[in-house]
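*Asks:* Here you go, sequence then predicted model.
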Amino acid sequence: MYTGLSGLNSYGEAMAVLGDNIANLNTTGFKYSSVHFEDLMAQLVPTGSGGGQVGRGSRISDISTVWQQGSMETSADDVDVAITGTGFLIIRDPLAGGLFYSRDGNFSLDKDGYLINSHSYHVQGKEIDPVTGTPSGVDTDIVLSQNYASPRASSAVDMVMNLDSQTAAAGTYTSAISLYDTTGNVHTLDVTYTKLTEDEGVSTVTCEADAGALNSTYWTISSPTTDYYVWYNVGGAGVDPAIVGSTGIEVAVAALATANQVATATAAAIDAEADFVCPAPGAAVITITNAATGAAAWAADGNTPWAAGNFAMVTRGAGEHDWLPTATLDGNAVTITDVGGTGPSNMVFDNNGTLTAGTNYDIDLWTYNIGDATTHLTTLNLANTSGGSTTQYAASSVTNYASQDGYGPGFLQRVSINNEGIITGHYSNGQIIPHYQLTLARFNAPGKLHREGSNMFTETQDSGVPLTGAPGTNGLGRISSNSLEQSNVDLGNEFVHMILYQRAFQANSRIITTSDTMLEEILSLKR
């Protein structure tokens, strides 16, 4: 009779576990429990062949949690997440400070911007460093400020245009772009590009050393028809470098010639060529113009500075493909220079319409609180940008691409979470800023975690300490955004077990009733 009673107790408890599984059929992140039975210690009884053993019934040996992955349900809430694979989300009780672990990613933002679960417990993660863009520090409450995102002053401007090669001298083209100052105010930058005439300016070259260091060195120069190289034969010991495709101009000087004497000899040698006019130099500075048009000479490839050996080009005259930029901010003239503070130099295009010089400039807008916080300058990039490079083709002048790196203040519009658990804020000023990364935890013995209710667990000595990390690392699963993990209860499987437990319970009850009948028979023997 007591054996049958043990069976009733066992299968009654098993039915309670089964009922809990079915009751949580639609509980987010729920993991069903499986019941395992074992027999009780046997009793020795005498038999004709010796001692025999009779079992004393059954009991539940273990109720284990089955961590099988649940199916995913799509959610319309941007902060709802599900874990694909191993791991738990970490949640902190803001009052008691205790940590809980859950597979339920049904989250929301409270009035203070904290990411919370349905019981207002704070979700844990690592803050992302705004400079490096990587998570750092210890796990902390995830809180997204509802205030404005700070503005950023513009410090770099990219402009990609086509400047019409058929534009007459002194013709202009203006391209405008909006910039932001340090407080988020908008300003209009107008950059005007002016086509230069060929005879604007002259080219000057400065000799920076005496003859002793010049032997066999050279630098390049070109007329509209011919490329030249000017080389130095010091004391008769020089060697002609014989530059392929160019005509050499030999400058013969004495071994002890000074820089001024070298400049005088250079001017005479160049002036002897019919393509150039090169008057007597002023000290060590040589002025070179084209003999036919009066236009200045230029470097042979239209781009490379003349500096070679101990000569340096100081200025370059305008060629037939040159433009010069000027700028205004909100209608007020501002200073534009070459990078480094000189100039500005001309924008130079080769015969193919490719911008070869004057690709980058600095604009001083710091009076208006615009520019890099360190240099106080705003860089103007005309080539090698994300939108390509400025060209000069026989087509209408047009701005093909314009971009700048500043922005005004913006308020938080929505939040998104990717499969690496990165929580990103999307702001009204177009900025997308990563703020936190969710932290996941796993346990060596998750079945030994203590159920706390409300889809939460706590660690125990038997479960081991939590092993934490970013999603997708350290054996942890990944995050599915806009999703919730459904219960992994299989209703068909539960019904099958319900029938088995009910039949077993019924059979054990029959043992008790049959034993009762047997006892009645024994009691009736005295009658």
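*Replies:* Yep, it's here. Bear in mind the structure is a predicted one, so any value in this text is a computation, not a measurement.

*Asks:* Mind checking what secondary structure S6 has?
*Replies:* Following DSSP: H, G, I helix; E, B strand; the rest coil, S6 is assigned to helix.

*Asks:* helix/strand/coil for the residue lying closest to I90 once chain neighbours are set aside?
*Replies:* Among residues not flanking I90 along the chain, Q124 sits closest, at 4.0 Å (C-beta to C-beta, 6 or more residues apart in numbering). Any C-beta I mention is one placed from the backbone N, CA and C, and that applies to glycine too. Classification of Q124 by three-state DSSP places it in strand.

*Asks:* ok, Q124 - contacts?
*Replies:* If a contact means C-beta atoms under 8 Å, 6 or more residues apart in numbering, then Q124 has 89-92, 99, 139-142, 438-439 as its contacts.

*Asks:* Heading C-terminal from the helix or strand hosting I221, find the next helix or strand.
*Replies:* Mapping I221 onto the secondary structure by DSSP states H and E places it in strand 218-222. Later in the chain than strand 218-222, the nearest helix or strand by DSSP H and E is strand 227-234.

*Asks:* What ranges in the stretch 101-250 of the chain fall below the confidence cut-off?
*Replies:* The model of the stretch 101-250 of the chain has pLDDT under 70 over residues 146-147, 198-204, 206, 208-209, 224.

*Asks:* Oops, could you answer that again for the chain instead?
*Replies:* In the chain, residues with pLDDT under 70: 1-2, 4, 51, 146-147, 198-204, 206, 208-209, 224, 290-321, 526-527.

*Asks:* Helices of that one, start to end?
*Replies:* Remark: helices assigned in the chain by DSSP state H are 2-23, 259-271, 491-523.

*Asks:* other SSEs contacting the first one?
*Replies:* Secondary-structure packing of helix 2-23 (3 or more C-beta pairs under 8 Å, 6 or more residues apart in numbering; DSSP states H and E): strand 33-39, strand 58-65, helix 491-523.

*Asks:* Help me confirm that G171 comes into contact with T197.
*Replies:* No - assessed by C-beta atoms under 8 Å, G171 is found out of contact with T197, at 10.5 Å.

*Asks:* Would you mind confirming that I423 makes contact with T439?
*Replies:* No - applying C-beta under 8 Å, one finds I423 not in contact with T439, separated by 11.3 Å.

*Asks:* Mutual contacts of the two, please.
*Replies:* By C-beta under 8 Å, 6+ apart, the residues touching both I423 and T439 are G125.

*Asks:* Give me the neighbour count for D80.
*Replies:* Using other C-beta atoms under 10 Å, D80 has 21 neighbouring residues.

*Asks:* ok, now how distant is P409 from A373?
*Replies:* Per C-beta to C-beta, to the nearest Å, P409 is found 17 Å from A373.

*Asks:* Show me which of these two is the more surrounded one.
*Replies:* For the pair P409 and A373, the greater number of neighbours falls to P409 (17 against 10), based on other C-beta under 10 Å.

*Asks:* For that one, give me its contacts.
*Replies:* Neighbours of P409 in contact, by C-beta under 8 Å, 6+ apart: 148-151, 184, 429.

*Asks:* Name the member of these with the most neighbours.
*Replies:* A149 (20 neighbours).

*Asks:* count of neighbours near A274?
*Replies:* Using other C-beta under 10 Å, A274 has 10 other residues around it.

*Asks:* Over to I423?
*Replies:* Around I423 there are 25 other residues, counting by other C-beta under 10 Å.

*Asks:* which residue packs closest to it, ignoring adjacent ones?
*Replies:* Y436 (4.5 Å).

*Asks:* got it, and E420?
*Replies:* Nearest to E420 is P471, by C-beta to C-beta, 6+ apart, at 5.6 Å.

*Asks:* Give the full set of residues in contact with the one you found.
*Replies:* P471 neighbours (C-beta under 8 Å, 6+ apart): 83, 87, 419-421, 437-438, 440, 477-479.
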